[in-house]
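Q: here is my input; please provide its structure:
(one chain, ligands or ions: 1)
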Amino acid sequence: MTQAPTTASTREEFAARLYGLRGRYWDTHPFHLRLHSGGCTPPELRRWVANRWYYQLILTRKNAAIIADCPLPEVRREWTRRLGYQDGPHEGEGGLADWLVLAEAVGLTRAEVLDERHVARGVRFAVDGYLHFCRTRSWTEGVAAALTEMFSPDHMAERVTAWQKHYEWIDPAGYAYFEHRIPDARRDSARTLDLVLDHCVTAEQQRAAVEALAFKCEVLRAMLDAVDYGPETAATAGSAAPVGTAVPAGTAR
Ligand SMILES: O=C(O)c1cc(C(=O)O)c2c(n1)C(=O)C(=O)c1cc(C(=O)O)[nH]c1-2
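A: Okay, the predicted model is just below:
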């Protein structure tokens, strides 16, 4: 890792340091590459969707933690908009509801998503780690961690195109989440970057912000490592192996 500067960067230099983490974003993780090239089986695609649910679930809580630490009314007012995004104004609306529509579109039942039976332990630890980070670090670090949003719109758009091409069996109603999220993420990420550039002005604050974004990239990649590893979860560990995963005796895994 390159050494952080000991003096504060200019606004432009600091923005370049944050953008410099682009290569660590999860779009180039081997699982995403396979997913977008049509190489995933239906159960693998379902596993991705069921595990991402766990990430969606903590977003409102981590945003509330950021607000709880922030002493500035103008920032709190702005970040508060995010609190309603996943939960929506009413039952059946908002990001979580859209994610459940996606889950059904790929062949999962709501019950098996809601009871988290497919959530891999590595996904749980990574996502819980992100929530813990936002609860215990400064609000500026929490906001900086959300800057993966700068990299996400193009990746989400590519996902929709790739899935429509390679997985025609997915019900198109499932794409509502991404259709809503892509324009919002484009708009929000520009504002999030301004907040970080405006409020991280010392060398130490800027170093912490860059590290927060790097940490978030690791959280996302760790989630995919766990999804890629296979279907074992707390619900299946120690019980008979799920169909199709049995390893013949004497075969190294
Ligand atoms: O589908 C994706 O690839 C993707 C990535 C990310 C991200 O980069 O963290 C988010 C989302 N989607 C998303 O839908 C979302 O609401 C979101 C919120 C945040 C955040 O950290 O505050 N990231 C993301």
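Q: can you pull the residues of the stretch 51-200 of the chain lying near the ligand?
A: Residues of the stretch 51-200 of the chain found near the ligand (CB under 6 Å from any ligand atom) are 59, 146, 148, 149, 152, 155, 156, 181. No exception for glycine: its C-beta is placed from N, CA and C like everyone else's.
Q: what lies in contact with the helix or strand hosting residue 78?
A: Using DSSP states H and E, residue 78 sits within helix 73-87. Identification of contacts with helix 73-87 by CB atoms under 8 Å, 6 or more residues apart in numbering yields 56-57, 59-60, 63-64, 66-67, 70, 94-96, 139, 143, 184, 188, 191, 195, 199.
Q: how about the next helix or strand after it: buried residues?
A: Going down the chain from helix 73-87, the next helix or strand is helix 95-105, by DSSP H and E. The neighbour-count check on helix 95-105 (16 or more other CB atoms under 10 Å) flags 95, 96, 97, 98, 99, 100, 101, 102, 103, 105 as buried.
Q: go on, stretch 30-48?
A: Buried-residue list, stretch 30-48, by 16+ other CB under 10 Å: 31, 32, 35, 36, 40, 44, 45, 46, 47, 48.
Q: same check, this time on stretch 135-144
A: Within stretch 135-144, the residues that count as buried by 16+ other CB under 10 Å are 137, 138, 139, 140, 141, 142, 143, 144.
Q: alpha carbons of that stretch, as PDB, please.
A: Taking Å, rounded to 0.1, in the frame of the first residue of the first chain, the C-alpha atoms of stretch 135-144 are listed here in PDB:
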ATOM      1  CA  ARG A 135     -21.300   2.500  14.500                       C
ATOM      2  CA  THR A 136     -17.900   3.000  16.000                       C
ATOM      3  CA  ARG A 137     -16.000   5.300  13.500                       C
ATOM      4  CA  SER A 138     -16.600   9.000  12.800                       C
ATOM      5  CA  TRP A 139     -19.500  10.000  10.600                       C
ATOM      6  CA  THR A 140     -17.100  11.100   7.900                       C
ATOM      7  CA  GLU A 141     -15.600   7.600   7.700                       C
ATOM      8  CA  GLY A 142     -19.100   6.200   7.500                       C
ATOM      9  CA  VAL A 143     -19.900   8.500   4.600                       C
ATOM     10  CA  ALA A 144     -16.600   7.800   2.900                       C
END
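Q: of all residues in the chain, which one is closest to the ligand?
A: Closest to the ligand within the chain is residue 148: 3.3 Å, counting by CB to the nearest ligand atom.
Q: quick one: buried residues of stretch 187-197?
A: Neighbour counts over stretch 187-197 (16+ other CB under 10 Å) mark 188, 189, 192, 193, 195, 196, 197 as buried.
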